[in-house]
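sequence first, then the predicted structure:
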Amino acid sequence: MKVKESHTYQFDDEFNGITRSIIPKKGTSIENFKAFKTTHH
């Protein structure tokens with residue numbers, strides 16, 4: 001299964017990062033995970 005998600009965050013002050021937890025269900029696994037920071041103007 002391939003999954004693509006997009007999340008947009010807007011900060012009013014200095015950017016200091018985002019932390020997200022991705023926990024696979026019992027008996028499954030997460031493989032080839034990639035995350036990217038993009039800038040949209």
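Noted; the coordinates are in hand.

check what pLDDT the residue nearest the centre of the chain gets.
Centroid check for the chain by Cα atoms, centre = their mean gives A35 as the closest residue, at 5.6 Å. For A35, the pLDDT comes out at 85.

assign it to helix, strand or coil.
Counting by DSSP: H, G, I helix; E, B strand; the rest coil, the backbone at A35 sits in coil.

tell me the span between the first and last residue of stretch 15-32.
With Cα to Cα, to the nearest Å as the measure, stretch 15-32 spans 27 Å from end to end.

next, the buried residues of it.
Going by neighbour count (16 or more other Cβ atoms under 10 Å), nothing in stretch 15-32 comes out as buried. Backbone N, C-alpha and C define where each C-beta goes, glycine included.

can you list contacts of that stretch?
Applying Cβ atoms under 8 Å, 6 or more residues apart in numbering, the external contacts of stretch 15-32 come out as H7, Y9, F33.

how many residues are close by the second one?
For Y9, the tally of surrounding residues (other Cβ atoms under 10 Å) stands at 7.

now do stretch 34-41: distance to the chain's middle.
How far stretch 34-41 lies from its chain's middle: 10 Å, per Cα atoms, centre = their mean, to the nearest Å.

likewise for stretch 27-34?
The mean C-alpha position of stretch 27-34 is separated from the chain mean by 13 Å, Cα atoms, centre = their mean.
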